[in-house]
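Peer 1: sequence first, then the predicted structure:
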Amino acid sequence: MTVIDKARKNTGVRARKGSPKRSGSDVAAGDPHRLASDAPARDLLVPLDRLCLSTANVRKASPPHGLAELAALIDAQGLLQRLSVIAQDDGRHAVVAGGRRLQAIQMLAAQGRWPADRPVACTLFEADRAVQVSLAENSGREAMHPADQIEAFQRLVHEDGLDVAQIADRFGVSPLTVQRRLKLARLSTRFIDLYRADEIGSEQLQALALVDDPAAQEALWDGLRPCDRSAWRIREVITAEACTADSRLARFVGLDAYEAEGGGVRRDLFASGEDPRSIYLDNLPLLHTLAVDKLRGVAAALHEEGWSWVECAIEPDGLALRRFTREPESEREPTADEAAALEALAIRLREQTDAYDQLQDEVDPDADDFDNLEQQMADAIDATADELSRLRQALRTWRPEQKARSGAMAGLDHRGGLHIERGLVRPADDLGPDRARRLDPDEDEDEGDAVASPSARPGFSERLMRDLTAHRTAALQAALMQNPRIALVTLVHRMAETVFGLYGTGNDVVKVTVRVTGDSTLSQDASDYASSPAATLLSQAETEWGDRLPGSPAALFQWLLGQPDTALQDLLAYCTARSIHAITPRSRSRDHSDILAEALGVDMADWWLPTAATYLSSVSKAQALEAVKEATGVGATAVMAKMKKGELAAHCARQLEGTRWLPGPLRAMPATATPDPDDDA
């Protein structure tokens, strides 16, 4: 008896002896409500090696991703759903529904995790039901909502006592995936419910997960306007008082050193890889202290080298180097071994160069091996030249008398690396105090008189002046970023100043210096900076350029060579814009920022609003009332005069809405204007 006969016997489908066979169409014609496929199915166990995929399976696309996870689930939990099969004439059973389960079991068998003699639970159907069964099992499916999966993982920990590794092994996912789901499970249940109702996105959940306390999560969410609850904005609010491990100070101090001193760290589990930008350092005062301590160690080492003076600064002033002249490095006499090595390298370099020239003169450039041979010889020349340069550099030194009349400056470069300038001679030591003062372009000749003036009293506090001018700086940056031509003029102007010595003498090697004034700098002074229009534009541009630019200097140069002029101009505009720094703690006079604002047509009323947070809470009640009177023509009433400071600030903010009123430091300053005496010291 064949397998098919056995199946027919067991399912009650027998061909009566002497009876004519009826086709499916005959059955259908006799009873339109009954097909041959109505025959009952039955369960059976089939050896794994007797199973194969059926061509009747309606699922043709079976991507390999997730197969390992399915195999792990079957290994841990067993086969929870039988395979649907039909019998074949060759004695095997073809799987019409459950093909991925079969592939997962075969994967387990290949790994030795499913015994070869262990049968597979199946359900046998008639062959004429193959397509119907396959279509029925693959239709009407709905995947589990991620919120349900998040809560299920949490129950595995709390109720079943499983750890991360056990869950990862049993469900075929990585430990990081388990950690991420458990991190989301610790969110307020309110957000899980919102997620299940599709009223919050997964990226917003991931941003909220940076806060551990559910109550704090809800307070943060409720404190933002509905239109301002993007993942980027949530993450920015949470990390406003932190810096990333990719920042200058963090790179200089080192994450391990910071954590060893007890510094708090937030790690974004949902970032890709070990991205230092996803690690947030919360204790900025500690980080700054550690950086200063490390610089003090550098200063001590420089003093031990014998320099007469040493200066260290976390934020070095590039223009300050113009005040110094430099001692040229001396070259000591080489030892006998060094001299012999130098001579041998020089001879080798000449021989290699001669051989390269001979190759160019005598060998056909179209020869098959010409390119490889040329490259090999060029590489050998470069290696010899580098070694010769290294040995010659080792001979360079500073004589004791040079160190006695010069000093050194240490600071951090834009990537947090230590940068040291040695052999600097102060102008006073070189040219005398009067001449040294005249060489200092940044020295304010009237500053001493202003400080000494007994009537000097600023109308705005230093903090407020920095606040207002930081917003003005951000507006200038955002406007310049959108005007490549003015950006080009600004950059050429800066280069011409340096090349033609319009700032004073100096022989620094790099002729153009860009000190980035980024969001972290602006947000330290500009209140409510993150919600300002300028911050939105600048942050968006930073993200877009960060995604486009390659990650290494060499790759960047090659990438730039392949870009159209429009892309280069846009990048030039952004980089030049980020170099603008017009923040000042004191009343300001007209400067180059005013010329730039005029060229760009910047009206600060388009970029800044006088609110309680940005202005009115930081000035006196009289100044707040004067602002309202100046903007609306309405003077203070008796009721307003009796208001408390906070209440009055909110009231004045409402009165100033739509008036485009600006305080003095944010107003356009004509070429003939002088600082407002009420604002100036």
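Peer 2: Yes, it's here.
Peer 1: for the stretch 1-150 of the chain, which segments count as helices?
Peer 2: All helices of the stretch 1-150 of the chain, identified by DSSP state H, counting those that start in this stretch, fall at 3-11, 24-30, 67-77, 99-110, 130-138, 146-158.
Peer 1: what's the fourth one in contact with?
Peer 2: Put plainly, it is helix 99-110. Helix 99-110 has contacts (C-beta atoms under 8 Å, 6 or more residues apart in numbering) with 48, 51, 53, 57, 59, 62, 67-68, 70-71, 74-75, 79, 81, 83, 95, 114-116, 120. Any C-beta I mention is one placed from the backbone N, CA and C, and that applies to glycine too.
Peer 1: just the buried subset of those, please.
Peer 2: Buried members of the contacts of helix 99-110, counted by 16 or more other C-beta atoms under 10 Å: 48, 51, 57, 67, 70-71, 74-75, 79, 83, 95, 114, 120.
Peer 1: does residue 656 really touch residue 630, like I thought?
Peer 2: No: judged on C-beta atoms under 8 Å, residue 656 makes no contact with residue 630 at a distance of 9.7 Å.
Peer 1: and those two? which has more neighbours close in?
Peer 2: The residue with more neighbours, out of residue 656 and residue 630, is residue 656; 21 against 12, by other C-beta atoms under 10 Å.
Peer 1: show me the helices in the stretch 401-550 of the chain, by range?
Peer 2: Using DSSP H, counting those that start in this stretch, helices in the stretch 401-550 of the chain cover 427-431, 433-438, 447-452, 462-481, 484-499, 519-525, 533-548.
Peer 1: just flag the most distant two among the buried ones among the contacts of helix 99-110.
Peer 2: Across the buried ones among the contacts of helix 99-110, the longest distance by C-beta to C-beta is 23.4 Å; it joins 57 and 75.
Peer 1: hmm, back to that, quick check, nearest of the buried ones among the contacts of helix 99-110 to residue 151?
Peer 2: residue 70 (21.4 Å).
Peer 1: for residue 441, report the pLDDT, please.
Peer 2: pLDDT, the model's per-residue confidence, is 36 for residue 441.
Peer 1: check residue 536 too.
Peer 2: pLDDT, residue 536: 86.
Peer 1: could I get the contacting residues of it?
Peer 2: If a contact means C-beta under 8 Å, 6+ apart, then residue 536 has no contacts.
Peer 1: for residue 353, see how far away it is.
Peer 2: Relative to residue 353, residue 536 is positioned 57 Å away (C-beta to C-beta, to the nearest Å).
Peer 1: also residue 666?
Peer 2: Taking C-beta to C-beta, one finds residue 666 at 63 Å from residue 353.
Peer 1: show me what the helix ranked longest in the chain is packed against.
Peer 2: When the chain is parsed with DSSP state H, its longest helix is helix 336-362. In terms of contacts (3 or more C-beta pairs under 8 Å, 6 or more residues apart in numbering; DSSP states H and E), helix 336-362 is packed against helix 370-394.
Peer 1: so for the helix it packs on, mean pLDDT?
Peer 2: 87.
Peer 1: same question for stretch 149-157.
Peer 2: According to the model, stretch 149-157 has a mean pLDDT of 83.
Peer 1: neighbouring contacts of it?
Peer 2: Residues contacting stretch 149-157 (C-beta under 8 Å, 6+ apart): 162-163, 167, 178, 181-182, 184-185, 192.
Peer 1: what's the end-to-end length of stretch 233-243?
Peer 2: End-to-end distance for stretch 233-243: 15 Å, by C-alpha to C-alpha, to the nearest Å.
Peer 1: returning to what we had before: quick check, nearest of the buried ones among the contacts of helix 99-110 to residue 405?
Peer 2: residue 67 (74.0 Å).
Peer 1: what sits against the closest one?
Peer 2: By C-beta under 8 Å, 6+ apart, the contact list for residue 67 reads 100, 103-104, 107.
Peer 1: is it true that residue 490 touches residue 479?
Peer 2: No: when contacts are counted by C-beta under 8 Å, residue 490 is not listed as touching residue 479 (11.4 Å).
Peer 1: where does the prediction get shaky in the stretch 401-550 of the chain?
Peer 2: The stretch 401-550 of the chain contains residues with pLDDT under 70 at 429-459, 489, 492-514.
Peer 1: one more pass at 80, please.
Peer 2: Under the criterion pLDDT under 80, the flagged ranges of the stretch 401-550 of the chain are 413-415, 427-463, 485-521, 524, 545-547, 549-550.
Peer 1: which non-adjacent residue is nearest residue 85?
Peer 2: Spatial nearest neighbour of residue 85, chain neighbours left out: residue 93 (4.1 Å); criterion: C-beta to C-beta, 6 or more residues apart in numbering.
Peer 1: the strands in the stretch 101-250 of the chain, which residues?
Peer 2: Secondary structure of the stretch 101-250 of the chain, counting by DSSP state E, counting those that start in this stretch: strands at 119-125, 243-244.
Peer 1: for residue 584, find the nearest of these.
Peer 2: Taking the strands of the stretch 101-250 of the chain one by one with C-beta to C-beta, strand 243-244 is closest: 23.9 Å.
Peer 1: quick one: low-confidence ranges for the stretch 51-200 of the chain?
Peer 2: Using pLDDT under 80, the stretch 51-200 of the chain drops low at 56-66, 69, 76-77, 116-117, 131-144, 169-173.
Peer 1: how about the contacts made by residue 402?
Peer 2: If you count contacts by C-beta under 8 Å, 6+ apart, residue 402 has them with 327, 330, 423.
Peer 1: leaving aside the residues adjacent along the chain, what's closest to the second one?
Peer 2: Read it as residue 330. With sequence-adjacent residues excluded and distances taken as C-beta to C-beta, 6+ apart, residue 330 is closest to residue 399, at 5.2 Å.
Peer 1: burial measure for the one you found, as a count.
Peer 2: When neighbours are counted by other C-beta under 10 Å, residue 399 comes out with 12.
Peer 1: go ahead and confirm it touches residue 331.
Peer 2: No: here residue 399 does not reach residue 331: they are 10.3 Å apart, not a contact under C-beta under 8 Å.
Peer 1: tell me, what residue is most central in the chain?
Peer 2: residue 277 (5.0 Å; C-alpha atoms, centre = their mean).
Peer 1: wait, what's in contact with that one?
Peer 2: 244-246, 271.
Peer 1: ok, now how distant is it from residue 267?
Peer 2: When residue 277 is compared with residue 267 (using C-beta to C-beta), they lie 11 Å apart.
Peer 1: so what's the gap between stretch 351-368 and the chain middle?
Peer 2: Distance of stretch 351-368 from the chain centroid (C-alpha atoms, centre = their mean, to the nearest Å) equals 48 Å.
Peer 1: buried residues, it. List them.
Peer 2: 352, 356.
Peer 1: renumber starting at 8 from here on
Peer 2: Okay, residue one is now 8; in that scheme the one you just asked about reads as stretch 358-375.
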